[in-house]
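*Asks:* Predicted coordinates and the sequence they were generated for:
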Amino acid sequence: MAICTVYTTHSLKSTSSVSTPTKTHLGFHQRQVIFYSTSKKTDRRGSSEISCSAGEAKTVVIGLAADSGCGKSTFMRRLTSVFGGAAEPPKGGNPDSNTLISDTTTVICLDDYHSLDRTGRKKNGVTALDPRANNFDLMYEQVKSLKDGIAVEKPIYNHVSGLLDPPELIQPPKILVIEGLHPMFDPRVRDLLDFSIYLDISDEVKFAWKIQRDMAERGHSLESIKASIEARKPDFDAYIDPQKQYADAVIEVLPTQLIPDDNEGKVLRVRLIMKEGVKYFSPVYLFDEGSTISWIPCGRKLTCSYPGIKFFYGPDAYFGNEVSVLEMDGPFDRLDELIYVESHLSNISTKFYGEVTQQMLKHADFPGSNNGTGLFQTITGLKIRDLYEQIVASKTSAPLEATKA
Ligand SMILES: Nc1ncnc2c1ncn2[C@@H]1O[C@H](COP(=O)(O)OP(=O)(O)OP(=O)(O)O)[C@@H](O)[C@H]1O
Ligand SMILES: O=C(CO)[C@H](O)[C@H](O)COP(=O)(O)O
């Protein structure tokens, strides 16, 4: 028997199933359907599809939280590249879709669960960061369905028009990444995550990145960028920032300590904060696990110009949790020499010697490739691949163990 929750744009009737009454969310019909069969069921009518079966491997769900303009898209490009294959929007679908699909991963943007469109938010005087502008019930139901191997009709928030567009069909992938403002806000959604990451960009750096993108690329004025950051700040502090306490890994981006009173935000100090005791995740370490190490690798094997590079590794506490912290301050001069640093790191979950350096060189044009943001995003991508492979292995070995017993 398989139990499937289905979202359709039409009301659903099925002769081979028993279903509960329809409930509507944003014009969707939701129905729980119980199929009296263990075989795969597919129903194609109008714009809906049901696809579910009992006993199949479940989707692994990863949450990535950050404020807007904090590098989520860049991180996602690095992550999907680790799995190989290009990530693209659903074929033949809405050109303004926020979804990216590759062979292994599907990345959905949680902006699609805005319950209020741009005009609605303006009328009600709320920002997109405010939980009242988001539909957490639908987010939970759909992420749960995908995790259970069931396709959903997910809404689309159109960033071009500021409107909610007709939904798109999302099939359950091997790895589902939910990225956006609130992946760890609702405890029900949080509980569905197999691994969670928070990109913690300090105000100074966020401002520098916003100026770089919104002023240089989008023609916004300095005043309007400042005003937009200030307007979002209270809701950011209330609803987004607190999620970092739940993250299994946090990538913290701070101004450098290598240049006294630096306010340019170009040289960065980046910290990878890794929770201890997370299933299928063993923190990365430098030289000697559990020790405290400060390392300046500049010398014969690593070229450094001013202000140089400094690494730190050690244990710490973060929101009452035991963590390991790996820190890198300063930029790389030559990316090919990263192999020297890579060879001193352990537990990086590479499949061959030099894989981190290879990934970094492959995406040398991505923002952050010459510093700890790119390095730690790449390593986190490799750790996620490892976590996924361990989960799959544990599922395939479980029935074998049961037969042995
Ligand atoms: N590691 C980095 N180093 C320097 N600049 C960066 C880095 N990551 C992102 N940026 C800057 O921030 C901008 C936004 O990055 P990105 O599009 O990845 O963020 P995002 O969180 O997906 O944004 P949004 O939610 O607004 O779409 C980039 O155009 C770039 O200017
Ligand atoms: O915080 C955001 C997440 O990306 C956006 O501001 C939010 O989704 C609203 O989008 P828009 O500004 O395009 O109406």
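*Replies:* On my side now, so go ahead. Everything numeric here is computed off the predicted structure, so don't read it as measured data. Residues are numbered from 1 along each chain as shown. Ligands and ions are numbered 1, 2, ... in the order given.
*Asks:* List the contacts of Lys114.
*Replies:* Quick fix: residue 114 is His, not Lys. 121, 128, 133-135, 157, 164 (C-beta atoms under 8 Å, 6 or more residues apart in numbering). No exception for glycine: its C-beta is placed from N, CA and C like everyone else's.
*Asks:* By neighbours, which of these wins?
*Replies:* Using other C-beta atoms under 10 Å as the neighbour criterion, Asn134 leads these with 26 neighbours.
*Asks:* my guess is it meets Tyr113, correct?
*Replies:* Yes. With contact defined as C-beta atoms under 8 Å, Asn134 reaches Tyr113; the gap is 5.3 Å.
*Asks:* how close does Pro166 get to ligand 2?
*Replies:* 18 Å (C-beta to the nearest ligand atom, to the nearest Å).
*Asks:* Kindly provide the distance from that residue to Gly92.
*Replies:* Taking C-beta to C-beta, to the nearest Å as the measure, Pro166 falls 14 Å from Gly92.
*Asks:* Give the residue from those two that has the larger number of neighbours.
*Replies:* The neighbour comparison of Pro166 against Gly92 (other C-beta under 10 Å) goes to Pro166, with 12 against 6.
*Asks:* correct me, but that one touches Ile156?
*Replies:* Yes. Counting by C-beta under 8 Å, Pro166 does reach Ile156; the two are 7.2 Å apart.
*Asks:* Spatially nearest residue to Gly277, not counting backbone neighbours?
*Replies:* Glu322 (7.1 Å; C-beta to C-beta, 6 or more residues apart in numbering).
*Asks:* What is the burial count for that neighbour?
*Replies:* 12.
*Asks:* Need the three-state assignment for it.
*Replies:* Following DSSP: H, G, I helix; E, B strand; the rest coil, we place Glu322 in the strand state.
*Asks:* Same question for Ile108.
*Replies:* What three-state DSSP gives for Ile108 is strand.
*Asks:* you'd agree it is up against Ser97?
*Replies:* No. Ile108 is beyond contact range of Ser97, at 9.6 Å (criterion: C-beta under 8 Å).
*Asks:* Those two: who's more crowded?
*Replies:* A direct count of neighbours by other C-beta under 10 Å for Ile108 and Ser97 places Ile108 higher, at 27 against 19.
*Asks:* ok so His159 is a helix residue?
*Replies:* No. Remark: His159 does not belong to a helix; assigned using three-state DSSP, it is coil.
*Asks:* my guess is it contacts Asp111, does it?
*Replies:* Yes. Contact criterion C-beta under 8 Å: His159 and Asp111 qualify, at 7.1 Å.
*Asks:* Find residues that contact each of those two.
*Replies:* The contact sets of His159 and Asp111 overlap at Asn98 (C-beta under 8 Å, 6+ apart).
*Asks:* Of these two, give the one with the bigger neighbour count.
*Replies:* Taking neighbours as other C-beta under 10 Å, His159 and Asp111 compare with Asp111 leading, 19 against 12.
*Asks:* residues touching that one, list them.
*Replies:* Contacts of Asp111 by C-beta under 8 Å, 6+ apart are 98, 128, 157, 159, 180-181.
*Asks:* from those, which is closest to Asp262?
*Replies:* Nearest to Asp262 among the contacts of Asp111 is Leu181, at 28.9 Å by C-beta to C-beta.
*Asks:* per-residue pLDDT, that closest one?
*Replies:* We have a pLDDT of 98 for Leu181.
*Asks:* burial of it, as a residue count?
*Replies:* 27.
*Asks:* Show the contacting residues for it.
*Replies:* 65-68, 110-111, 128-129, 134, 239-240.
*Asks:* From those residues, which shows the smallest pLDDT?
*Replies:* Out of the contacts of Leu181, that is Ser68, at 90.
*Asks:* what residues go with each domain of the chain?
*Replies:* The chain is divided into the following domains under automatic domain parsing: 2-54, 57-198, 248-384.
*Asks:* The second one vs ligand 1: in contact?
*Replies:* Yes. Domain 57-198 comes into contact with ligand 1 when judged by C-beta under 6 Å from any ligand atom, the residues involved being 66, 68-74.
*Asks:* of all those residues, which two lie farthest apart?
*Replies:* Greatest spatial distance in the residues of domain 57-198 next to ligand 1: Ser68 and Thr74, 13.0 Å, computed using C-beta to C-beta.
*Asks:* hmm, back to that, relative to Glu88, which of the contacts of His114 is nearest.
*Replies:* Nearest to Glu88 among the contacts of His114 is Tyr157, at 19.0 Å by C-beta to C-beta.
*Asks:* Give me the three-state assignment for Tyr198.
*Replies:* At Tyr198 the chain is in strand, as set by three-state DSSP.
*Asks:* whoops, Val61 was the one
*Replies:* strand.
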